[in-house]
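Student: what's the 3D shape of this:
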Amino acid sequence: MVQSTKLIYAHDPMCSWCWGFKPTYENLLKLLPDSIEVVRLLGGLAPDSGDPMTEDMRNYLQQAWTKITGTIPGTRFNHDFWTTCQPRRSTWPACRAVIAARRQGPEFDLAMTTAIQEGYYLNAKNPSDDSTLIGFAKDLGLDELAFAERLNSESTRQQLQQEISLTRQLGVQGFPSLVVLDGASARPVQINYTDAEPMMDSIKKA
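Tutor: Below you'll find the predicted structure:
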C-alpha cells in the first residue's frame, strides 16, 4: 500500500508567532495539492500553572508582540490584555481545549484555535482560564457540557502528551513548525512568515 505524504503543522494556540503566521499558512494550504494530507499537532508551549506570570516573561512577550508586528505586516495585538487580565505562563489548557473541541467534529480543531487566537490577541481574553475556553466553546455552538467535561479529562490530557511527544520525535524545536512526512522520512520546512511560495517549493522538493 502506498503511504500518503503528510504535512505536519506543529503549533500552540497561544503562540504569538503562530498567530502572525496564520494568513500565510492559510495561503499555503490553498497551494497544497490534494494528495498531501495536513495533520495539525499541538506542541504545548507551557504546562499548567496557577502562578501569575513573572515580570520578565511579561516584558519578553510584549516585546515579542512588538517584534511580530514589525516583522509580519498586518498582524494586530490588543495590548489591553496585559492590564485587564491576570497573565499566566500556561498554554496547556488552550491546547486541551482544541482537543476537546476536535472530539465534537474535526472542523472544530481549527475553529477553536481561531477562537482562542482572536480572543487572546484581539479581544484581551485569557485562554489560560477554563471559563474563557468554555465561553469560546459556547460561542462556537459546541455542546458546552460535553466540552467542559472533556477539557480536563484524563483522555484529553493523554492525547496532548502524545502530540507533544510526537512533535519532539519529529525534531520540532519551536512553533510554528512544518514537517513533511513521507514514509519514514521527516523533513523540516523553513517557515516563511510572509510568503507561502518558498515553503511550497520546499514541500515539492521534499
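
Student: Can you read off the pLDDT for residue 3?
Tutor: Per-residue pLDDT puts residue 3 at 63.

Student: With residue 184 instead?
Tutor: As predicted, residue 184 sits at a pLDDT of 80.

Student: shaky segments in the chain?
Tutor: 1-3 (pLDDT under 70).

Student: what about the strands in it?
Tutor: Ranges of strands in the chain, per DSSP state E, are 5-11, 36-42, 177-182, 185-189.

Student: Can you spell out which helices and strands pack onto the second one?
Tutor: Translated: strand 36-42. Strand 36-42 makes packing contacts with strand 5-11, helix 92-102, helix 107-121, helix 154-169 when contacts are defined by 3 or more CB pairs under 8 Å, 6 or more residues apart in numbering; DSSP states H and E. (Glycine included, C-beta is placed from N, CA and C.)

Student: The shortest one pairs with which strands?
Tutor: Pairing partners of strand 5-11, with direction, according to DSSP bridges: strand 36-42 (parallel), strand 177-182 (antiparallel).

Student: Out of those, the one nearest residue 145 is which?
Tutor: strand 36-42 (23.0 Å; CB to CB).

Student: quick revisit: would TSV of the strands paired with strand 5-11 with distance to residue 60 and mean neighbour count be doable?
Tutor: Listed next are the strands paired with strand 5-11 as TSV, based on distance: least, CB to CB, whole Å; neighbours: other CB atoms under 10 Å:
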stretch	distance to residue 60	mean neighbour count
strand 36-42	22	17
strand 177-182	20	20
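
Student: now these in a markdown table, with distance to residue 99?
Tutor: Shown next, in a markdown table, are the strands paired with strand 5-11 (distance: least, CB to CB, whole Å):
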| stretch | distance to residue 99 |
| --- | --- |
| strand 36-42 | 7 |
| strand 177-182 | 19 |
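
Student: Quick one: closest of these to residue 124.
Tutor: Comparing the strands paired with strand 5-11 by their distance to residue 124 (CB to CB), the top pick is strand 36-42, with 23.2 Å.

Student: what's the offset of that closest one from the middle of its chain?
Tutor: Centroid separation for strand 36-42 versus its chain: 12 Å, with CA atoms, centre = their mean, to the nearest Å.
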